[in-house]
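> give me the fold of what follows.
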Amino acid sequence: MHSISEPSRAVSADTLVKNAMGEMRDLKVGDESKLKTWQTEMKKLIPNVRPGDQIVIFCSDTRRTLVYLNDSSTGEVDDQSFCPAVMSVWLHPQTKHQAMRKSLLGH
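The predicted structure is shown next:
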């Protein structure tokens with residue numbers, strides 16, 4: 001389970017999804033068809049966030065990815081490729097978010 005956002009400012013769901021999709025494209029995670037599918041799923045799951053909100057993405061040992069905002073479920077995706085793709089935004093070695101990567105990996 002990874003907490004991916006504890007923003008110090010309000011961020012719209014559209015901005016979060018757009019930025020995540022841009023990073024996945026830059027990292028070449030998935031083809032365009034898969035990226036469109038993931039974008040549709042993310043739009044269903046990712047909410048607008050306010051300062052202090054926490055989004056948690058849980059990659060289960062099944063095919064499902066579970067998403068929570070402040071301990072409440074925002075939904076799930078039944079696609080084993082979704083969670084690794086989303087996590088690449090923060091955990092891929094070439095991510096633009098190196099500080100977040102180091103924090104999540106405990107470095």
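
> so who does Ala13 touch?
43, 46-49 (C-beta atoms under 8 Å, 6 or more residues apart in numbering). For glycine as for every other residue, the C-beta is placed from the backbone atoms N, C-alpha and C.

> if we use 10 Å, what do you get?
Listed by C-beta atoms under 10 Å, 6 or more residues apart in numbering, the contact set of Ala13 reads 42-49, 74.

> got TSV for these, with secondary structure too?
Shown next, in TSV, are the contacts of Ala13 (DSSP: H, G, I helix; E, B strand; the rest coil):
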residue	secondary structure
Met42	helix
Lys43	helix
Lys44	helix
Leu45	helix
Ile46	coil
Pro47	coil
Asn48	coil
Val49	strand
Thr74	strand
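
> who wins on neighbours among the residues you listed?
Ile46 (25 neighbours; other C-beta atoms under 10 Å).

> from Gln94, how far off is it?
22 Å (C-beta to C-beta, to the nearest Å).

> nearest spatial neighbour of the residue at minimal distance from the centre of the chain, chain-adjacent residues omitted?
Centroid check for the chain by C-alpha atoms, centre = their mean gives Val86 as the closest residue, at 4.4 Å. Nearest residue to Val86, sequence neighbours excluded (C-beta to C-beta, 6 or more residues apart in numbering): Ile57, at 6.1 Å.

> what strand or helix carries the one you found?
Ile57 belongs to strand 55-59 when assigned by DSSP states H and E.
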